[in-house]
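>>> Got a predicted structure plus its sequence, pasted below:
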Amino acid sequence: MQRSIWIGYDPREVEAFAVCRHSLRRHAPNIPIHAVVLDELRAAGLSRRPTSKRDGKMWDDISEAPCSTQFAISRFLTPHLAHEGWALFMDCDILARTDVNKLFALVDPSKAVMCVQHPNYTPPDAVKMDGQLQLLYARKNWSSVTLFNCSHPANARLTVGIVNQVPGRDLHRFAWLNDDEIGALPPEWNFLVGVSDPSIDPALVHFTSGGPWFEGYENVPYADEWKAERRRWLTRQTGLIAYNQRRALPNGADAHL
């Protein structure tokens, strides 16, 4: 079974992205990992949604709503980017604590997408992260960790045109699918810090309201594990830069930093 991982990238959370990727690679080095970068998708003509700036924040004109991240909508291009097999999309504010091959082992080929089906809830705060508004919509956070079955015929409905035309709330609730085409994953595969049952032993920790890289969130649950992963990433990054310098290569020449 072909498998790939796609992480949403936002320039405001570069470090979070790097730590997320490092934690995934450390546990599952055999799975290719890609970034979902809005500027690249726009340059390729795949993301054409009109956006504007309001109060210094990115605004999606079709949804008539703010975008908390640059990948709020572009995540739904993942099946188009991956082409085949099973593609795992996840937000960048996530820490992997185990091998995600265990997650791919749970796939059900009869389903078009699989996700943790969080019950509808009202977030405890009106804002999250660096002042971004908390938006309420059906199936909130379902799409933050999504396994896409790229070969499923139902996902043929999720065209590039649809991703660029419909409101984000319809995409986040998987409106192109029938309910029986959406598979459920165990809750440990998208553990929402401060929301999910604390008795769950998380496989993927999702700092959905704000992670330890933001001021005021330095001591949230699992922050110590994230900081430890950050130290591992920084140690590896320093070693790679030194290695490239010894080989007379420019800093950052290794694409896996």
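Received, thanks.

>>> Find me the pLDDT at N120, would you?
Reported pLDDT at N120 in the predicted model: 76.

>>> do you know how far it is from K140?
Using Cβ to Cβ, to the nearest Å, N120 is found at 7 Å from K140. Every residue, glycine included, has its C-beta placed from N, CA and C.

>>> Then F174?
For F174, the distance to K140 (Cβ to Cβ) stands at 12 Å.

>>> quick one, strands of this protein?
3-8, 33-36, 51-54, 57-60, 65-66, 86-90, 94-96, 113-115, 127-128, 132-133, 145-149, 182-184, 191-192, 204-206 (DSSP state E).

>>> mind putting the ones you listed in a markdown table, mean neighbour count included?
Conversion of the strands of the chain to a markdown table gives the following (neighbours: other Cβ atoms under 10 Å):
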| stretch | mean neighbour count |
| --- | --- |
| strand 3-8 | 22 |
| strand 33-36 | 18 |
| strand 51-54 | 11 |
| strand 57-60 | 16 |
| strand 65-66 | 16 |
| strand 86-90 | 25 |
| strand 94-96 | 26 |
| strand 113-115 | 23 |
| strand 127-128 | 16 |
| strand 132-133 | 16 |
| strand 145-149 | 25 |
| strand 182-184 | 17 |
| strand 191-192 | 24 |
| strand 204-206 | 25 |
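
>>> okay, these in CSV with mean pLDDT next?
Formatted as CSV, the strands of the chain follow (pLDDT from 0 to 100):
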stretch, mean pLDDT
strand 3-8, 98
strand 33-36, 97
strand 51-54, 93
strand 57-60, 92
strand 65-66, 92
strand 86-90, 98
strand 94-96, 98
strand 113-115, 98
strand 127-128, 48
strand 132-133, 48
strand 145-149, 98
strand 182-184, 98
strand 191-192, 98
strand 204-206, 98
